[in-house]
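Student: with the sequence up front, the predicted model follows.
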Amino acid sequence: MSDITQHEIAEALDRAQALKEMSEEFIDVAGSINNAVESKLEEERGIDIDSNRWIPLDDIPFGEEVIRVKDELPNVEAAISTLEFIAEGKVSAAELGEKYQEVIDDLNNAEGTLQDVCAEDIIKAQEGSDEDVNGY
């Protein structure tokens, strides 16, 4: 039997849910900024939806960042499911340590990605701004 306590499982679940919420909020905020910038660039460059031309990812303020966070989100959601199974006793004692460590690794990766893209700062800046996303 592993030495993982119910308290540790509950803390990891809270952390996972907070990471999921921050990821979703970052995707919404940064995605809105990206959409506004992309629309403005399309208009300036005369690109229409039927055109074969497109806006390069480098021209969009948070293009790569949104992709990175979106890539991590399924891992966070899987971590939540796994932690719920662990909390409900649906994971065998033999697998508990390994499953828990996998979850913690996934959460660490997701948290690192959110830190790398400055998600919290972007969210706070948008919340504190009276401008709409076009004012980025």
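Tutor: Arrived safely.
Student: now do residue 62 against residue 15, distance only.
Tutor: Going from residue 62 to residue 15 by Cβ to Cβ, to the nearest Å gives 24 Å. Backbone N, C-alpha and C define where each C-beta goes, glycine included.
Student: between those two, which one's more packed in?
Tutor: More crowded of residue 62 and residue 15, by other Cβ atoms under 10 Å: residue 62, with 23 against 20.
Student: quick one, phi psi at that one?
Tutor: Backbone torsions for residue 62, taken as degrees, to the nearest 10, come to phi -120, psi 30.
Student: can you tell me, leaving aside adjacent residues, what's nearest to it?
Tutor: Nearest residue to residue 62 in three dimensions, chain neighbours excluded: residue 30, at 3.8 Å (Cβ to Cβ, 6 or more residues apart in numbering).
Student: neighbours of the one you found, how many?
Tutor: 25.
Student: helix or strand for it, just tell me which one.
Tutor: Residue 30 belongs to helix 6-45 when assigned by DSSP states H and E.
Student: quick check: what element follows that helix along the chain?
Tutor: Following helix 6-45 in sequence order, the next helix or strand is helix 63-87 (DSSP H and E).
Student: which elements pack onto that following helix?
Tutor: Secondary-structure packing of helix 63-87 (3 or more Cβ pairs under 8 Å, 6 or more residues apart in numbering; DSSP states H and E): helix 6-45, helix 93-116.
Student: touching that helix from outside, list them.
Tutor: 4, 6, 9-10, 12-13, 16-17, 19-20, 23-24, 26-27, 30-31, 34, 57, 91, 96, 99-100, 102-103, 106-107, 109-110, 113-114, 116-117, 119 (Cβ atoms under 8 Å, 6 or more residues apart in numbering).
Student: run through who's touching stretch 98-108.
Tutor: Counting by Cβ under 8 Å, 6+ apart, 2, 4, 8-9, 12, 15-16, 19, 75-76, 78-79, 82-83, 86, 91 sit against stretch 98-108.
Student: of those, which is the most crowded?
Tutor: That'd be residue 76 among the contacts of stretch 98-108, by other Cβ under 10 Å, with 28 neighbours.
Student: that'll do, ta.
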